[in-house]
Structure formats: C-alpha cells, structure tokens
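Asker: Need coordinates for the below:
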Amino acid sequence: MVKFNRTQKFTKENIKNVPKEKSIVYKIKDREGENLYTGIAGRGRVQDRLLEHKELKREQIPGGTRFQFAQVKNKERAEQIEKQIIKKEQPKFNEKKK
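Answerer: As a prediction, this is how the structure comes out:
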C-alpha cells in the first residue's frame, strides 16, 4: 500500500501546502479520524480538487475537518489505490459500487 502523510486540519492554508507535481490519493476524515471520503486528484489539479470539497456546497463532506494524502506516480495508480481503500474502509460519502 501507499504511505499517507500525517493527518492535518482541513483548512485552505493546509491545502495550499499540498504538493501538486504528482497525483495524489486523499482521505477526508472527521474529528475522530474516521475516513468519510477517499478521492484522487491528478497532477496539477491537486489543490483545486481539495478546495472543491472545502468550498463547493455540492462537493462538501459534512463533518470533514481533517485530511491526509499520499503522492503516487500517476493517476492510474491513484485510481487503483482509491478502489482498494474504498473497498476496505467503505467511507460514508463514497459510492459503494467503486
């Protein structure tokens, strides 16, 4: 599996510090550390994708106060890891069919 960074507060300031030169797999978590949503973002779109969850009402994850991410070599690898995490952890806001 891939190594995730430490969990941090889901703030615009912390999102700005996420490197954007590689694709990522990310988890949005609640205060207790439960994974609410797992997603991916392609290289160059990392910060924009995380900000969508923070700012757009239709994209927001209720209770999502923390996040963590892992950089991966490409979007295809990110998709594989995302599927594994969703299958194993069954985050509340992911579609169950993935």
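Asker: secondary structure class for residue 24?
Answerer: strand (DSSP: H, G, I helix; E, B strand; the rest coil).
Asker: tally of neighbours for residue 37?
Answerer: Using other C-beta atoms under 10 Å, the number of residues around residue 37 comes to 19. Heads up, the C-betas are built off the backbone N, CA and C, glycines and all.
Asker: Just give me how far whatever helix or strand it lives in sits from the chain centre.
Answerer: Using DSSP states H and E, residue 37 maps to strand 35-41. Its chain's C-alpha centre and that of strand 35-41 lie 4 Å apart, by C-alpha atoms, centre = their mean, to the nearest Å.
Asker: Adjacent strands (with direction) for it?
Answerer: strand 23-29 (antiparallel) (DSSP bridges).
Asker: Pull the residues that contact the partner strand.
Answerer: 2, 4, 7, 10, 18, 35-43, 46, 50, 53, 61, 64-75, 77-78, 81-82, 85, 91, 93 (C-beta atoms under 8 Å, 6 or more residues apart in numbering).
Asker: Report the buried members of these.
Answerer: 4, 10, 18, 35-41, 43, 46, 50, 53, 61, 64, 66-72, 75, 78, 81-82, 85, 91, 93 (16 or more other C-beta atoms under 10 Å).
Asker: Run me through the strand neighbours of the helix or strand hosting residue 70, direction for each.
Answerer: If you go by DSSP H and E, residue 70 is part of strand 66-72. Sheet pairing of strand 66-72 (DSSP bridges) gives strand 8-9 (antiparallel), strand 23-29 (antiparallel).
Asker: any weak-confidence spans in this structure?
Answerer: 96-98 (pLDDT under 70).
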